[in-house]
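**Q** starting from these lines, generate the structure:
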Amino acid sequence: MTSIPSGTKFQGIPTSNDDINLRSAQVNSLAPVYTIEDIASAPLTVQELTVQGINNTTTSRASYGINLIEAASSSDRCTRMPIAITGKSCVIINKTTTTITVFPSATGGSINGVIDSEFNIPGNSLPYTFICIENPLPGAWTVSSPAINQVEAEEVQINHTVGTPSSAFNSGLVGVSNASSAGSGIVSGALDLTGPWRTLPFGTPGLMVKLKIYTNILTTDLVGTSQASITGQVYQAYQIDSNGSTSGVRAAHNFDDYNQDWSVVQGLSYSGNVGDNGTLYKEIGIGFGSVPATFSIGDPAGISNIISNGYFTFLMTATSQCPTKVYKFKFFLEYQ
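**A** Numbers count the residues shown, from 1 in each chain. Presented below is the predicted three-dimensional model:
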């Protein structure tokens, strides 16, 4: 498409004029003139978005511009993206205390590369920006979460031998050794953790929104080897009440031959280290589910069904088919 030159002017047509080709001198004098720069700098439209329903049958649809959600409930908490138009953006701000679920424009559409996916927005009054990257329908969208902080874990690794599966937990703190397991329980009414866990400093709230996994894995470690799979995961745990706790995987990615869903570092050379030329990495956006407590990695800050800090650790695995190698991982966890 030909670009519009800088300085190009446009004239507004009054709504009272039904014939834009035969305008009178008087009507022309009432039509304001705008440059392309005026149009480009016009503010985004801000409007209230009414959510509806509990699944992808919702009749609610967001608009391009800024959408404010002022009211939601357990029975009305869903919406869809606007009709897909490549390059346009939609911002959603959830000002309620209910987690909102956003679906693509239509069945078959995608968000962050996952077809018929959903993205959950907590009630934190922060902006989530959705950009349309493919149209026509069903459309494809990418979303940016308002992460403002990041945990950078120390490099961790598993020493793998072909023929035997490998698995290890590590918190990524300095001096922490690998562990074969990690879990949670309750002792005398308090949270009891086993394995290498960590949390944000007490009094610091945080909900994870993105997991980034950088490795020294090469495509040749996986491609052409049936069932070869190397996984990076983030586990999380917390106390529910005086009698119960929970722990489990909250985000993960499998580097495997079947999907080949990864990005490749373009560098100068390979020496076996994380981030070298040709090594694999993956960044995973995390949308909040129906239980925001499962994404807490610090002070719960008023989130329901959690009475302790949220704790987290990382899990590395390699199936027995993977070639012998010291597989190295560098985890980054973004939170807000």
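**Q** per-residue confidence at the closest residue to Glu152 other than its chain neighbours?
**A** Beyond its immediate neighbours in the sequence, the residue positioned closest to Glu152 (Cβ to Cβ, 6 or more residues apart in numbering) is Phe332, lying 5.5 Å away. C-beta: built from backbone N, CA, C; applies to glycine. Per-residue confidence (pLDDT) for Phe332: 95.
**Q** same thing with Ala42?
**A** The predicted local confidence for Ala42 is 51.
**Q** what's the answer for Ile36, then?
**A** For Ile36, the pLDDT comes out at 50.
**Q** for the remainder of this discussion, apply numbering that starts at 57.
**A** All set: I'll call the first residue 57, so the last point we hit is now Ile92.
**Q** can you say which helix or strand has Gln213 in it?
**A** With the criterion set as DSSP states H and E, the secondary-structure element containing Gln213 is strand 212-216.
**Q** now do that strand: distance to the chain's middle.
**A** 27 Å (Cα atoms, centre = their mean, to the nearest Å).
**Q** and if you look at stretch 269-277?
**A** With Cα atoms, centre = their mean as the basis, stretch 269-277 stands 22 Å off its chain's centre.
**Q** and that stretch, what's buried?
**A** Neighbour counts using 16 or more other Cβ atoms under 10 Å place Ile269, Tyr270, Thr271, Asn272, Ile273, Leu274, Asp277 of stretch 269-277 among the buried residues.
**Q** could you give the bridge partners of the residue nearest to Glu208?
**A** Taking DSSP bridges as the rule, Phe388 bridges to Glu208, Lys268.
**Q** tell me the centre residue of the protein?
**A** Gly341 (2.1 Å; Cα atoms, centre = their mean).
**Q** could I get the phi/psi values of the closest residue to that one other than its chain neighbours?
**A** Closest residue to Gly341 apart from its sequence neighbours, by Cβ to Cβ, 6+ apart: Asn168 at 4.9 Å. Main-chain dihedrals, Asn168, degrees, to the nearest 10: phi 50, psi 40.
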